[in-house]
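Novice: I'll drop the sequence and a predicted model, then ask my questions.
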Amino acid sequence: MARKKRGLLIVVSGPAGVGKGTVDAALMAKHPEIKMSVSATTRAPRPGEVEGVHYFFRTKEEFDRMIEENAFLEYMHVFGMNYYGTPKAFVESERDKGNHVILEIDVQGALKVKEACPDAVMVFIAPPSLKILKDRLVGRGTETQESIDVRTAAALEELKQLPKYDYMVVNDVVDEAVAEMESILCAELVRTSRNTELITKLTGGETI
């Protein structure tokens with residue numbers, strides 16, 4: 001008997017340089033039913049950015065109206081300039097189709113999403129060690145020493161929030177991290193709380 005599954009919302013956090021994007025991209029390459037959440041923003045499109053693919057571009061007035069309508073899982077005002085938010089409609093539409101949605105977001109935003117969407121699956125991508133994380137930041141060749149020190153200190157603060165997440169995936173070898181993400185998806189899909197319709201049929205005297 002085929003079971004129609006509602007898609008999962010997978011909230012992924014982790015410090016800068018840990019490889020969140022790499023792990024998520026590799027996971028999505030293997031599983032076309034996994035989609036990346038698309039944020040709304042008030043900033044202007046950059047060259048090559050496509051509406052509905054990279055962002056939903058909205059005016060400040062449109063964004064304010066969405067806030068009033070409670071249309072976001074979370075939103076934030078960045079550096080007192082532009083607004084960014086996660087629209088509920090996109091996430092719910094994809095989940096209703098049976099697709100899983102990945103939302104890459106910082107710890108503060110992730111906790112807001114969990115409050116708005118209690119069934120979200122919270123995954124923290126962690127480094128094998130702070131030293132390895134720092135080495136990765138240095139290896140980028142794009143960070144000043146001051147920036148690396150700031151990011152390393154921020155990573156330590158983010159790691160303190162780990163107990164608030166459901167799962168921790170250590171990104172040492174990307175393929176292994178992806179395999180762990182796949183295991184998480186499998187485990188979540190067979191939770192009894194996500195299979196109430198079938199449980200009701202099985203326990204409700206359905207004719208066999």
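Specialist: Received, thanks.

Novice: what are the ranges of the helices in the chain?
Specialist: 20-30, 60-68, 88-96, 107-116, 130-140, 145-159, 174-189, 196-203 (DSSP state H).

Novice: Least confident secondary structure element in this structure?
Specialist: helix 130-140 (a mean of 88; mean pLDDT, DSSP states H and E).

Novice: how distant is it from the center of its chain?
Specialist: Centroid separation for helix 130-140 versus its chain: 23 Å, with CA atoms, centre = their mean, to the nearest Å.

Novice: Put the alpha carbons of that helix into PDB.
Specialist: In PDB, the C-alpha atoms belonging to helix 130-140 read as follows (Å, rounded to 0.1, in the frame of the first residue of the first chain):
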ATOM      1  CA  LEU A 130      37.600  24.100  16.100                       C
ATOM      2  CA  LYS A 131      41.100  23.800  14.800                       C
ATOM      3  CA  ILE A 132      40.000  22.100  11.600                       C
ATOM      4  CA  LEU A 133      37.300  24.800  11.200                       C
ATOM      5  CA  LYS A 134      39.900  27.500  11.500                       C
ATOM      6  CA  ASP A 135      42.100  25.800   9.100                       C
ATOM      7  CA  ARG A 136      39.300  25.600   6.500                       C
ATOM      8  CA  LEU A 137      38.700  29.400   6.900                       C
ATOM      9  CA  VAL A 138      42.400  30.000   6.400                       C
ATOM     10  CA  GLY A 139      42.400  27.700   3.400                       C
ATOM     11  CA  ARG A 140      39.700  29.800   1.700                       C
END
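
Novice: so how many other residues sit close to the residue nearest to Leu111 when sequence neighbours are not counted?
Specialist: Nearest residue to Leu111 in three dimensions, chain neighbours excluded: Lys164, at 6.5 Å (CB to CB, 6 or more residues apart in numbering). Just so you know, the C-beta spots here come from the backbone N, C-alpha and C atoms, and that holds for glycine as well. Neighbour count of Lys164, defined by other CB atoms under 10 Å: 13.

Novice: picking that back up, do you know which of the helices of the chain lies nearest Val50?
Specialist: Smallest distance to Val50 across those (CB to CB): 14.4 Å, for helix 88-96.
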